[in-house]
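Enquirer: attaching a predicted model along with its sequence, questions to come.
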Amino acid sequence: MKKATIKDVAREAGVAVSTVSNALNGSNLVTEETRNKVQEAARKLEYVPNMNGRNLKSTRTRKLCCITSSIRGEYFYRLFDAINERCNKKEYGLHIVITRNSSEVMRNILGGGYDGFFLFEGQWIQEQELETLQKNRIKAVMLDRKIEMPTVGSVVFDSYRAGYEVTKYLINLGHKKIGFIETASDINDCSERKRGYDDAMQQIRLIPRKQDIIQGMFEENVTYAAVIGRARLSDGDLPTAFVAGNDQSAIGCMKALDFLGYKVPEEISVAGFDDIEISQYFSPALTTVKNPIEEQGRRAVDQMMELLEMKKSGSSIVLQGALMVRGSTGICRVR
């Protein structure tokens, strides 16, 4: 198939060649509507601009780009700090792009100027986009889901196993009514933790009540409000334990339970994921799965270097967490 040119993109979008150039370079001379139309045309035609000698093997920008929908919370700043530190040692610059706009994601990937990409919460990268990355030899490392392709790899946590193990731990403490505090379904880590929770429950034929699956959105304040709302709607008929999608949600849950007058863990146990710094100092200290966040960042950069130097094809690296049992979980006393 003939490689698309900038003229092809202009023809597809119904604009001038200069407009395509301005749109793909982020110029403020074009409207958002025109920019989106050009980006869609470029995506459809799988057009990759030859900027800064991008397609010349001998030329590198020595710049990498991390694209994410959020940098809120301790997990993200620890992850990006580890990536940035490793990039500095390799003498690469790191740019971080925060967006939930799929067109913006593809504009950065297709727009040139970067040697490779770290992608988090990559729901914008589906099969069509992955094919585009492969055809154009664009190097990328996913940080939120398993991918193994010639130019795309991944470094992720075994979130399924973590969700399964923490739920089994609570079941072994005698808990049968266990709630789960989740976030949006397109966040792979939470989906995998929920899948592990579901399998652990189903293994001993426990069926979670629909009202015990709560939306916490990985945020303390959202979870706090959701747990209070759940308690008021059910006249206090809460689970005896909660598995929260991350530590921030777990802390929001514990604060809500304290406000409602419940004792943790005497009446309700709570567990989370990530082992953020505050989790061990909170009262009671939070039971959580400790994920090797800094290792994830370092190994993502190491894999990127191998992709750039064409030493290896992309591989899927899965990091294991460790259950940290602390004071927020205990034996179920409700029969």
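Expert: Ah, there it is.

Enquirer: and stretch 171-178, how far apart are its ends?
Expert: Terminal residues of stretch 171-178 lie 8 Å apart, using Cα to Cα, to the nearest Å.

Enquirer: show me which residues of it are buried.
Expert: Neighbour-count burial for stretch 171-178 flags 171, 173, 175, 177-178 (criterion: 16 or more other Cβ atoms under 10 Å). (Glycine included, C-beta is placed from N, CA and C.)

Enquirer: in a helix, residue 118, correct?
Expert: No - with DSSP: H, G, I helix; E, B strand; the rest coil as the criterion, residue 118 is strand rather than part of a helix.

Enquirer: could you look up the SS state of the closest residue to it other than its chain neighbours?
Expert: Leaving aside its sequence neighbours, residue 118 sits nearest to residue 66 (Cβ to Cβ, 6 or more residues apart in numbering; 4.2 Å). The three-state label given to residue 66 by three-state DSSP is strand.

Enquirer: I figured residue 66 hits residue 98, correct?
Expert: No - Residue 66 is beyond contact range of residue 98, at 9.3 Å (criterion: Cβ atoms under 8 Å).

Enquirer: so which of the two has more stuff around it?
Expert: residue 66 (26 against 13; other Cβ atoms under 10 Å).

Enquirer: what is the more buried one paired to in the beta sheet?
Expert: Counting by DSSP bridges, residue 66 is bridged to residue 96, residue 118.

Enquirer: contact partners for it?
Expert: Contacts for residue 66 (Cβ atoms under 8 Å, 6 or more residues apart in numbering) come out as 80, 83, 94-97, 117-120.

Enquirer: just the buried residues out of those, in ChimeraX syntax.
Expert: In ChimeraX, a selection of the buried entries from the contacts of residue 66 looks like this (16+ other Cβ under 10 Å):
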select :80,83,94,96,97,117,118,119,120
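
Enquirer: could I get the contacts of residue 66 in a markdown table, plus columns for pLDDT and distance to residue 198?
Expert: As requested, those are exported to a markdown table (pLDDT from 0 to 100; distance: Cβ to Cβ, whole Å):
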| residue | pLDDT | distance to residue 198 |
| --- | --- | --- |
| 80 | 95 | 31 |
| 83 | 97 | 32 |
| 94 | 95 | 37 |
| 95 | 94 | 38 |
| 96 | 93 | 34 |
| 97 | 92 | 34 |
| 117 | 96 | 32 |
| 118 | 96 | 29 |
| 119 | 94 | 26 |
| 120 | 88 | 24 |
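
Enquirer: in CSV: the contacts of residue 66, plus distance to residue 32.
Expert: Shown next, in CSV, are those (distance: Cβ to Cβ, whole Å):
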residue, distance to residue 32
80, 27
83, 30
94, 27
95, 21
96, 22
97, 17
117, 23
118, 26
119, 23
120, 24
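
Enquirer: between the contacts of residue 66, which is nearest residue 46?
Expert: Nearest to residue 46 out of the contacts of residue 66 is residue 117 (Cβ to Cβ; 16.4 Å).

Enquirer: grab the nearest non-local neighbour of that closest one.
Expert: The shortest distance from residue 117 to any residue other than its chain neighbours is 4.5 Å, reached at residue 140 (Cβ to Cβ, 6+ apart).

Enquirer: so where's the stretch 51-200 of the chain uncertain?
Expert: Regions of the stretch 51-200 of the chain meeting the criterion pLDDT under 70 cover residues 51-59, 121-124, 185-186.

Enquirer: switch the cut-off to 50
Expert: 51-58 (pLDDT under 50).

Enquirer: can you map out the helices along it?
Expert: Counting by DSSP state H, counting those that start in this stretch, the stretch 51-200 of the chain has helices at residues 74-89, 102-110, 127-135, 159-172, 188-203.

Enquirer: give the buried residues for the fourth one.
Expert: For helix 159-172, the neighbour count (16+ other Cβ under 10 Å) marks 159-171 as buried.

Enquirer: I'd like to know how far residue 130 sits from residue 307.
Expert: 14 Å (Cβ to Cβ, to the nearest Å).

Enquirer: quick one, which of the two is more surrounded?
Expert: Taking neighbours as other Cβ under 10 Å, residue 130 and residue 307 compare with residue 307 leading, 23 against 18.

Enquirer: need the contact list for the more buried one.
Expert: Residue 307 neighbours (Cβ under 8 Å, 6+ apart): 116, 139, 141, 151, 153, 313-314.

Enquirer: from those, pick the one nearest residue 2.
Expert: For the contacts of residue 307, the nearest to residue 2 is residue 151 (21.3 Å; Cβ to Cβ).

Enquirer: hmm, residue 92 is touching residue 60, no?
Expert: No - applying Cβ under 8 Å, one finds residue 92 not in contact with residue 60, separated by 9.0 Å.

Enquirer: overlap in contacts, those two.
Expert: Counting by Cβ under 8 Å, 6+ apart, the residues touching both residue 92 and residue 60 are residue 115.

Enquirer: compare the two (neighbour count), which wins?
Expert: Counted by other Cβ under 10 Å, residue 92 and residue 60 do not tie: residue 92 has more neighbours, with 22 against 15.

Enquirer: how about the contacts made by the more buried one?
Expert: For residue 92, the contact set (Cβ under 8 Å, 6+ apart) comprises 62-64, 115, 301.

Enquirer: now do residue 207
Expert: residue 201.

Enquirer: ramachandran coordinates for residue 245?
Expert: Taking degrees, to the nearest 10, you get phi -60, psi -30 for the backbone angles of residue 245.
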